[in-house]
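Peer 1: test case, fold it:
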Amino acid sequence: MRQPEAPAAPAVSVVIPTFNEAAGIGPLLAYLRREAGGALEIIVADGGSTDATRARAAHAGARVLACPRKGRAAQLNHGARAAAGAVLYFLHADSYPPPGFLADIGRAVAAGAGSGCYRLAFDHPHWFLRASAWLTRFPLKIVRFGDQSLFVRRALFEQIGGYREDLLVMEDQDIVRRLWARAPFRVLPGAVTTSARKYLANGVYRLQGAFAVVALLYWLGVPQPRLVRVYRRLIRQGKL
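Peer 2: This is a model prediction of the structure:
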C-alpha cells in the first residue's frame with residue numbers, strides 16, 4: 001500500500017531591512033542562496049541607502065524595494081506586504097542563520113509554532129558577548145531581540161497587524177510579546193551569528209549598558225520620542 005506523501009514545507013520569504021549595508025549585503029545573500037539550495041524569495045527592504053546597497057543586493061538576486069519610510073518596523077512591514085511566502089523570515093543585514101535554517105523553520109511550523117527565532121551568537125570571542133548570547137537559549141520574552149531573527153506564519157503576522165511603525169526603538173520586543181500571546185513561540189536550537197561591529201565601535205560593556213538603559217525605559221513606559229533621543233545620545237553607529 002502506498003504511503004501518503006508528507007506535506008510540503010510552506011514557502012518561506014526572507015525579508016532583510018537595510019540602510020547603507022553595501023559592505024556586507026552581497027556575501028549574506030550569496031550565503032542564503034547556497035544554504036537554500038535553489039530558489040528562495042529574498043526581499044531587501046531598503047530605507048534610503050546612500051551607498052551601493054541596493055545595486056549589490058539586486059546583483060546578488062534579491063528583490064529590492066525602495067521603502068517610502070525609513071525605520072526597521074516600516075521597512076519590514078513594507079517587505080512583508082510584497083512577499084509571497086506563507087512564512088516570513090525577518091533577518092538583519094549583518095546576521096547569518098545557521099545551515100539548514102529553512103528546514104528548521106519548516107519543522108517548527110509543522111509542529112505547530114506560529115512564530116519563533118534562533119538563539120544568538122556573535123562573530124567575536126569576547127567573553128561578555130558569549131555570556132550575553134548564552135542567555136538567549138532560554139524561552140523568555142525578555143531576551144528576544146531582532147538580531148536573533150524572527151520567523152512567523154504570514155496569517156499570524158497579518159492578524160496582529162505586523163510591526164508597530166510608531167516604534168523606532170524596541171519594535172522587536174513589542175512584536176514578540178504580541179506573537180507570544182497568540183500562538184506557540186519556538187526558540188530554535190541553533191544560533192544566528194551576528195556582527196559585533198556595533199559593540200566594538202561603542203565598547204562592549206558600554207553598549208550593553210546603553211541597551212539595558214533603553215530597554216528599562218521602554219518597559220517603564222517612557223514615550224518613543226524620549227527613547228529615541230536616549231538611543232541617539234548613547235549609541236554610536238546607530239541607524240535611527
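Peer 1: any idea of the mean pLDDT in stretch 14-26?
Peer 2: The pLDDT scores in stretch 14-26 average 97.
Peer 1: that one: end-to-end distance?
Peer 2: 15 Å (C-alpha to C-alpha, to the nearest Å).
Peer 1: for stretch 78-97, same thing?
Peer 2: Start-to-end, stretch 78-97 (C-alpha to C-alpha) is 22 Å.
Peer 1: so which bits of the longest strand along the chain are buried?
Peer 2: Secondary structure of the chain read by DSSP state E shows that its longest strand is strand 185-194. Residues 185-188, 191-194 are the ones in strand 185-194 that count as buried (16 or more other C-beta atoms under 10 Å). Placement of C-beta: from N, CA and C, glycine included.
Peer 1: give me the low-pLDDT residue ranges for this protein?
Peer 2: In the predicted model, the chain carries pLDDT under 70 at residues 1-10, 237-240.
Peer 1: tell me the domain boundaries of it?
Peer 2: 12-195, 203-240 (automatic domain parsing).
Peer 1: what's the most buried one of those domains?
Peer 2: Highest mean neighbour count among the domains of the chain (mean count of other C-beta atoms under 10 Å): domain 12-195, with a mean of 19.
Peer 1: picking that back up, could you dump the buried residues of strand 185-194 into JSON lines with distance to Asp166 added?
Peer 2: As requested, the buried residues of strand 185-194 are exported to JSON lines (distance: C-beta to C-beta, whole Å):
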{"residue": "Phe185", "distance to Asp166": "23"}
{"residue": "Arg186", "distance to Asp166": "28"}
{"residue": "Val187", "distance to Asp166": "27"}
{"residue": "Leu188", "distance to Asp166": "29"}
{"residue": "Ala191", "distance to Asp166": "31"}
{"residue": "Val192", "distance to Asp166": "27"}
{"residue": "Thr193", "distance to Asp166": "31"}
{"residue": "Thr194", "distance to Asp166": "26"}
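Peer 1: between these, which is nearest Leu91?
Peer 2: Val192 (7.8 Å; C-beta to C-beta).
Peer 1: now do that closest one against Val14, distance only.
Peer 2: 12 Å (C-beta to C-beta, to the nearest Å).
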